[in-house]
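Enquirer: Give the three-dimensional model of this entry:
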Amino acid sequence: MQHLAGDFVQLPDQNLLHENYALKAEIELVKALLREKELLLDEKDKRNEDLKHALLLIESKLPNTSEPVTPHVVKKSWQFWKK
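Expert: All right, here's what the predicted structure looks like:
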């Protein structure tokens with residue numbers, strides 16, 4: 001920086017240096033945020049896999065049944081007109 005009449009004036013090279021530093025810091029921040037997102041996604045995927053395994057285990061413990069049985073509707077004698 002140069003000092004002229006009580007004011008500091010930055011040289012163009014210094015401006016570029018500060019801008020470069022700020023951009024590098026921002027890039028590092030974005031990289032850190034991306035790493036955090038990837039970790040969260042990995043945790044979510046693991047949790048989903050655990051839930052799938054739990055569901056398969058529960059389903060395997062259920063009794064084996066064939067097609068769902070629909071109860072036969074018995075009509076009262078006074079409902080002869082209904083089909």
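Enquirer: Local confidence estimate at residue 65?
Expert: As summarised for this prediction, residue 65 has a pLDDT of 70.
Enquirer: likewise residue 61?
Expert: In this model, residue 61 carries a pLDDT of 90.
Enquirer: which SS class is residue 56?
Expert: Following DSSP: H, G, I helix; E, B strand; the rest coil, we place residue 56 in the helix state.
Enquirer: same question but for residue 65, I mixed them up
Expert: Once three-state DSSP is applied, residue 65 turns out coil.
Enquirer: Quick one: neighbours of it, just the number.
Expert: Residues near residue 65, counting by other C-beta atoms under 10 Å, number 7. Using the backbone N, CA and C atoms, a C-beta is placed for each residue, glycine as well.
Enquirer: And it, how close does it get to residue 44?
Expert: From residue 65 across to residue 44, the span is 34 Å (C-beta to C-beta, to the nearest Å).
Enquirer: helix or strand for residue 52, which one?
Expert: In this structure, residue 52 sits in helix 12-61 according to DSSP states H and E.
Enquirer: Got phi/psi on residue 71?
Expert: Dihedral pair for residue 71: phi -70, psi 140, per degrees, to the nearest 10.
Enquirer: pLDDT score for it?
Expert: 71.
Enquirer: most centrally placed residue in the chain?
Expert: For the chain, the residue sitting closest to the mean C-alpha position, by C-alpha atoms, centre = their mean, is residue 41 at 5.7 Å.
Enquirer: Give me the local confidence score for that one.
Expert: Listed pLDDT for residue 41 reads 97.
Enquirer: Report the contact partners of it.
Expert: By C-beta atoms under 8 Å, 6 or more residues apart in numbering, the contact set of residue 41 is empty.
Enquirer: how close does it get to residue 61?
Expert: 31 Å.
Enquirer: what does residue 74 give?
Expert: For residue 74 relative to residue 61 (C-beta to C-beta), the value is 34 Å.
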